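>>> The sequence and its predicted three-dimensional model are supplied below.
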There are 4 protein chains.
Amino acid sequence: MKRILFFLLVVGMALSIHAQAPWGSQSKVVTDTIYSKILKAERAYTIYLPKSYEVDKTRSYPILYLLHGVMGVNTSWFTDQRAGEVADLLMASGEACEMIIVSPNAGGNPYKGDWNGYFNMPGWAYEDFFYQEFLPYIEKTYRVKADKEHRAIAGLSMGGGGTASYAQRHPDMYCAAYAISALMDIPEVGAMPSQSPDDKMAILTKSVQEHSCIKYVLNADDATKEKIRSVQWFVDCGDDDFLLDRNIEFFQAMRQAQIPLQFRVRDGGHVNEYWHSALYTCLPFVSRCFGK
Amino acid sequence: MKRILFFLLVVGMALSIHAQAPWGSQSKVVTDTIYSKILKAERAYTIYLPKSYEVDKTRSYPILYLLHGVMGVNTSWFTDQRAGEVADLLMASGEACEMIIVSPNAGGNPYKGDWNGYFNMPGWAYEDFFYQEFLPYIEKTYRVKADKEHRAIAGLSMGGGGTASYAQRHPDMYCAAYAISALMDIPEVGAMPSQSPDDKMAILTKSVQEHSCIKYVLNADDATKEKIRSVQWFVDCGDDDFLLDRNIEFFQAMRQAQIPLQFRVRDGGHVNEYWHSALYTCLPFVSRCFGK
Amino acid sequence: MKRILFFLLVVGMALSIHAQAPWGSQSKVVTDTIYSKILKAERAYTIYLPKSYEVDKTRSYPILYLLHGVMGVNTSWFTDQRAGEVADLLMASGEACEMIIVSPNAGGNPYKGDWNGYFNMPGWAYEDFFYQEFLPYIEKTYRVKADKEHRAIAGLSMGGGGTASYAQRHPDMYCAAYAISALMDIPEVGAMPSQSPDDKMAILTKSVQEHSCIKYVLNADDATKEKIRSVQWFVDCGDDDFLLDRNIEFFQAMRQAQIPLQFRVRDGGHVNEYWHSALYTCLPFVSRCFGK
Amino acid sequence: MKRILFFLLVVGMALSIHAQAPWGSQSKVVTDTIYSKILKAERAYTIYLPKSYEVDKTRSYPILYLLHGVMGVNTSWFTDQRAGEVADLLMASGEACEMIIVSPNAGGNPYKGDWNGYFNMPGWAYEDFFYQEFLPYIEKTYRVKADKEHRAIAGLSMGGGGTASYAQRHPDMYCAAYAISALMDIPEVGAMPSQSPDDKMAILTKSVQEHSCIKYVLNADDATKEKIRSVQWFVDCGDDDFLLDRNIEFFQAMRQAQIPLQFRVRDGGHVNEYWHSALYTCLPFVSRCFGK
């Protein structure tokens, strides 16, 4: 005999989910790898495919590149910050449009001797990998609307600095940049020379300083500023975050350069809950920026 | 040689956390067990102790009983809905007061023959366990302000029904009840008699029907209604939730009985993200209800 | 001698506003009239023109028709609910797109013998006026993108009922409908026959009942339902509103007819603050629904 | 013959309000005057009395002093920022506790030669008036819990600066201070000496500079800082506000002095809508700070 209660409590939940995916489809979060000739290694990435992806095989989507922090990996946005669950909810209500979200792995633990970071540095040409291998591969492999008007970038902490620097130096690539608790720079006084030339953490530190998002805009000429204005900017940092002052400096430098940007200081520190809740602003923001 | 970058990126994060816990203290989430003579078994529970708990050994706290759903266990609120992280953030800003939060295990998987549910049923006197063993044990073992003015209850799905029913039938115990996506009842038509008398799911279904929160208030006499009014009520259910109609009936029955209650229909279904975000309303609500 | 303080405190404010309107432009709220042959009278309306309207003379805009309540007039949304201030703020941040917002006058005080209401009734063919005179006049006089994909409707109380009924019966006209604290119907038992046949309030009551948004969807055939699905729906009503039960019935009828709609019950009653705050959801919602 | 429709549409609204005020009571906003010997003039004030005030004649209330901006008057918070409507709504839901809110008149238009400002200046000893006459009069005339634990202060623009300075220099008076878009200081470079010694605007400017909230905390000794820590602080300023940099400096100075404070940068400029929406954070904040 069938148990109707099963229907009510369990299938009921399933139906509830079905109600949000009337064609029986679901969004998917998949982890895969790409072999990088530049980095001479397999690099992992995690990708979110919206619920219509498997159903409507002719449709292509805008894409959001979502960058993790120094202690994160490609899965972190989907496990620690639950990007998939927030995306499902906001796409169901229409507050975010259907998009592909992909998070590449920026490296291992630099305290254990692993390479890490979003910039080119001696021995770790990550930015070359990102622009010459990763991004083209993703936009060829998945059904992506592969143009500036449908490509956005966001990230947290070190990935927030990566977001801002990538969008500053590749403004023709992104329509929108959303930096969360971002490592916009590391003050000189904060870093000391390393004992050994191959110290990965020292190399990473230097690369962040060389790509200071604050100095970049302060030093930009008029033509560069004009290009940066073609990106829509959002900076979001907690009032208890130890990186807040760097974000304030970035905001003030951008404003002084007359580059419009949204700036928010919400409640919180350098923690998961802040990054999770930032998605509720970030995904609608990039959705509004995407061309239709 | 010390690496200052380590300070900035990693200890910096730790400092950021320290900034929220100036005395070097942190909140703790601990899982432990209690042996129940009534249920003749070890029962697990998970408890959140706020950051001052270990520092100020003379202080006692208000307490929130947080009930999981039919597919959950005692840890679910802290892993799937991240109650600890939300509590830390809201207590840091003052939007929630420091409190103890405890989630008992209401049983195993009824589809596999395990007992489950918050009510007394033949062979599973859970409510007796809860009121005669669990609650007294917790309030004796931890530094709890053990009175109605400092005790609240909340829960999701089956635990939301448990919340409403416990607060209706034990109004002298709780100052506040916050029911999320609650299983307020199961319509008769939805349940069929079971093939076997010891079918756990059928027994659970019957127990939910017998403790219908809707019928309870419809049938309540004036004295009972007056007692129920001594609890502050909040009902929160998503517009895509398959249980919404039962929550509407409950709201209307309570309103008709002139028992004040807050009612919210937010965006979402019967999913983790809804329950997670409900904590942002729930914890401030119970904090306001607690006596000082 | 110039006073720099003046710059800081007063021109500073002006500059602050200029910062949001870099071309020296401002949004405008204008009240004007149209002569109606159908109603044989001048009818007033109030219109919001976004800040770029006067600057970019070749640009045309999506339009939102915003309907006031039974005690309101054409200016009410802009004085009592401050639609212009909310629109300015949301358009500055990009949460709403630039649009024209127009509020027609639906009549005077029916208790004093004035005609009132959005429907055709004996002696007051308002709906004919709206569709044959008012809407065409507005979309010819102002630079409006005059098609379904760029036309939305919203309203409060009696105007919320007007919103829902207009969008149900003219689904080819609107891409989005947002009903706030809506008078979806008046139960028969609630209305009594009037003493005199020309009692304006009785005529209005009858017209609302004849245009019950609940009965309309319950009685709709499949083709009609399919057309109604071409509109994006949002229903928003406070938990203390005396019209909440009618809005619940409407939501349930629409859901049963498998017409997707967003439904929210927020905190509040049938009051200005509720309607004001609804604009923060309404304007982004219609902006998302507008085609680009 | 009675018109039931009247009941539904109009009395219905009234009933809706009654539902929020079950004893037939309403909050009241009253404007009155006090004669100041110090200022040698009648000074107006506007006061909000919560709905239970007229019913429970033995109850006394916490109090919020709410300071208007340089272009405002005592009624502004209640007309332009609608403090009464927001208070009604938040008190109905429990998010704010019942409190008295009073807004004194800080003077007329300084461009027309009127005195204005919250500080003592030659010819306008407003701060003496506030502490020696106004505050004692209010707390004697109305049923106020007249102690630090039940007294808070908030204000916008010039009144935000007044808020911060009053709470810094009278920390024994207030449990909470909430500064909105605050004039924390006027940089020297921003002000020029006036042509005439009795120029009201120049006198006001000088008084704001002399009471710089930023310099005050930078120069405070340890004992003073400790006293300032006894106040709970909240600073709230829009990302498009021309006063944002001063608010950032204030936040940084307070943080450096290890005085805990909440800091928020929300969307918006130096406009009514920002100040209105700040009340939704301000009233719950001061409610949490009030002792019970």
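Here it is on my side, so go on.

>>> Show me what the helix or strand encompassing A:Arg255 is packed against.
Assigned by DSSP states H and E, A:Arg255 belongs to helix A:244-256. Where contact means 3 or more Cβ pairs under 8 Å, 6 or more residues apart in numbering or on different chains; DSSP states H and E, helix A:244-256 is packed against helix A:213-219, strand A:232-238, strand A:261-266, helix D:244-256. Every residue, glycine included, has its C-beta placed from N, CA and C.

>>> quick one: contacts of the shortest one?
Read that as strand A:261-266. Contacts to strand A:261-266, defined as Cβ atoms under 8 Å, 6 or more residues apart in numbering or on different chains, come from residues A:233-239, A:244, A:251, A:254-255, A:274, A:277, A:281, A:285, C:93-94, D:239, D:263-267.

>>> how about a cut-off of 7 Å?
By Cβ atoms under 7 Å, 6 or more residues apart in numbering or on different chains, the residues outside strand A:261-266 that reach it are A:233-239, A:244, A:251, A:254, C:93, D:239, D:263-267.

>>> what is the orientation angle of that strand with strand D:232-238?
170 degrees (axes from the mean of the first three to the mean of the last three Cα atoms, to 10 degrees).

>>> got the CA coordinates for strand A:261-266 in CSV?
The C-alpha trace of strand A:261-266 is given here as CSV (Å, rounded to 0.1, in the frame of the first residue of the first chain):
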residue,chain,number,x,y,z
LEU,A,261,30.8,52.9,-8.3
GLN,A,262,28.4,51.6,-5.7
PHE,A,263,29.9,51.4,-2.2
ARG,A,264,28.4,49.6,0.8
VAL,A,265,29.6,49.0,4.3
ARG,A,266,27.3,46.4,5.9
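
>>> Next secondary structure after it?
helix A:272-289.

>>> Just the endpoints, please. Distance across stretch A:215-229?
For stretch A:215-229, the first-to-last residue distance is 17 Å (Cα to Cα, to the nearest Å).

>>> Now look at that stretch and say if it contacts chain C.
No - shown here: stretch A:215-229 not in contact with chain C (Cβ under 7 Å from any Cβ of the partner chain), separated by at least 11.5 Å.

>>> Now that stretch: buried residues?
Neighbour counts over stretch A:215-229 (16 or more other Cβ atoms under 10 Å in any protein chain shown) mark A:Tyr216, A:Val217, A:Ala220, A:Thr224, A:Lys227, A:Ile228, A:Arg229 as buried.

>>> chain center to it, what's the gap?
How far stretch A:215-229 lies from its chain's middle: 22 Å, per Cα atoms, centre = their mean, to the nearest Å.

>>> between the helices and strands packed on helix A:244-256, which one is nearest to A:Phe78?
Nearest to A:Phe78 among those is strand A:232-238 (19.5 Å), distances taken as Cβ to Cβ.

>>> Contact partners for the residue of chain A found nearest chain C?
Residue of chain A nearest chain C, by Cβ to the nearest Cβ: A:Lys292 (3.9 Å). A:Lys292 makes contacts with C:Gly291, C:Lys292, as judged by Cβ under 7 Å, 6+ apart.

>>> how about it, secondary structure?
coil (DSSP: H, G, I helix; E, B strand; the rest coil).

>>> does the residue at minimal distance from the centre of chain A have beta-bridge partners, and which?
Geometric centre of chain A, nearest residue: A:Leu66, 2.0 Å, by Cα atoms, centre = their mean. Applying DSSP bridges to A:Leu66 gives these bridge partners: A:Ala154.

>>> how many neighbours does A:Ile38 have?
The number of residues packed around A:Ile38, counting by other Cβ atoms under 10 Å in any protein chain shown, is 17.

>>> Please look at it and A:Phe129 and confirm they touch.
Yes - the pair A:Ile38 / A:Phe129 is scored as a contact, 4.6 Å apart, by Cβ atoms under 7 Å.

>>> where along chain A do the strands fall?
A:28-36, A:41-49, A:63-67, A:100-104, A:120-121, A:124-125, A:151-156, A:176-180, A:232-238, A:261-266 (DSSP state E).

>>> Now do the fifth one: distance to the chain's middle.
Between the mean C-alpha location of strand A:120-121 and the chain-wide mean there is a distance of 19 Å, by Cα atoms, centre = their mean.

>>> elements contacting that strand?
helix A:126-128, helix A:200-210 (3 or more Cβ pairs under 7 Å, 6 or more residues apart in numbering or on different chains; DSSP states H and E).

>>> what helices or strands is the shortest one leaning on?
Looking back up the chat, that one is helix A:126-128. Here helix A:126-128 touches strand A:120-121, going by 3+ Cβ pairs under 7 Å, 6+ apart.

>>> Parallel or antiparallel, which strands does the strand it packs on pair with?
According to DSSP bridges, strand A:120-121 has these partners: strand A:124-125 (antiparallel).

>>> Show me what the strand it pairs with is in contact with.
Looking at what lies outside strand A:124-125 - Cβ under 7 Å, 6+ apart - the contacts are A:Ile38, A:Leu39, A:Trp115, A:Gly117.

>>> wait, what's in contact with the first one?
To tie it back to what came earlier, the one meant is A:Ile38. A:Ala125, A:Asp128, A:Phe129, A:Gln132, A:Glu133.

>>> Tell me the most packed of those residues, by neighbour count.
Going by other Cβ under 10 Å, A:Phe129 tops the contacts of A:Ile38 with 22 neighbours.

>>> got the residues of chain A near chain D?
So chain A meets chain D at A:Asp239, A:Ile248, A:Gln262, A:Phe263, A:Arg264, A:Val265, A:Arg266, A:Asp267 (Cβ under 7 Å from any Cβ).

>>> Buried ones among the residues you listed?
A:Asp239, A:Ile248, A:Gln262, A:Phe263, A:Arg264, A:Val265, A:Arg266, A:Asp267.
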